[in-house]
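S.K.: I would like the atomic coordinates for the input below:
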Amino acid sequence: VLALLSLGRHDGYRVWKGFDWAVMNRLHEQGYITDPVTKAHSVLLTEEGALESERLLRELFGRPRGGK
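M.R.: All right, here's what the predicted structure looks like:
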């Protein structure tokens, strides 16, 4: 989920919080996002969360180097 959050990133570190609440709470407890328990439809990635989400996105969904 952390990797997928970066796909909806906008306005800096803001991401939509349309994923399972339990998962979002765990990401908050691990310090990757701000508290998801708000009326807002989005949360902020922390600096660590932004770096890790980009790393995971490349690792899990990126193309191999030289691949098509």
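
S.K.: tell me the mean pLDDT for the longest helix seen in the chain?
M.R.: With secondary structure taken from DSSP state H, the chain has its longest helix at helix 47-61. On average, the pLDDT along helix 47-61 is 96.

S.K.: and it, what's buried?
M.R.: 49-50, 52-53, 56-57 (16 or more other C-beta atoms under 10 Å). In this view, the C-beta of every residue, glycine as well, is placed from N, C-alpha and C.

S.K.: how about the helices in this structure?
M.R.: Using DSSP H, helices in the chain cover 2-5, 21-29, 47-61.

S.K.: Thr38: which of these is closest?
M.R.: helix 21-29 (10.9 Å; C-beta to C-beta).

S.K.: what distance separates that closest one from the centre of its chain?
M.R.: 11 Å (C-alpha atoms, centre = their mean, to the nearest Å).

S.K.: tell me what the nearest residue to Leu5 once chain neighbours are set aside is bridged to.
M.R.: The shortest distance from Leu5 to any non-neighbouring residue, by C-beta to C-beta, 6 or more residues apart in numbering, is to Val15 (4.5 Å). In this entry, Val15 is beta-bridged to Val43, by DSSP bridges.

S.K.: how near is Val15 to Pro64?
M.R.: 26 Å (C-beta to C-beta, to the nearest Å).

S.K.: of these two, who's got more company?
M.R.: Ranked by neighbour count (other C-beta atoms under 10 Å), Val15 and Pro64 place Val15 first, with 25 against 6.

S.K.: check contacts around the more buried one.
M.R.: Listed by C-beta atoms under 8 Å, 6 or more residues apart in numbering, the contact partners of Val15 are 5-6, 8-9, 33, 42-45.

S.K.: so where's this protein uncertain?
M.R.: 65-68 (pLDDT under 70).

S.K.: buried residues, stretch 29-38. List them.
M.R.: By neighbour count on 16+ other C-beta under 10 Å, the buried set for stretch 29-38 is 32-34, 36.

S.K.: looking at the residues you listed, which one is closest to Ala22?
M.R.: Minimum separation from Ala22 among these (C-beta to C-beta) is found for Pro36, which lies at 10.3 Å.
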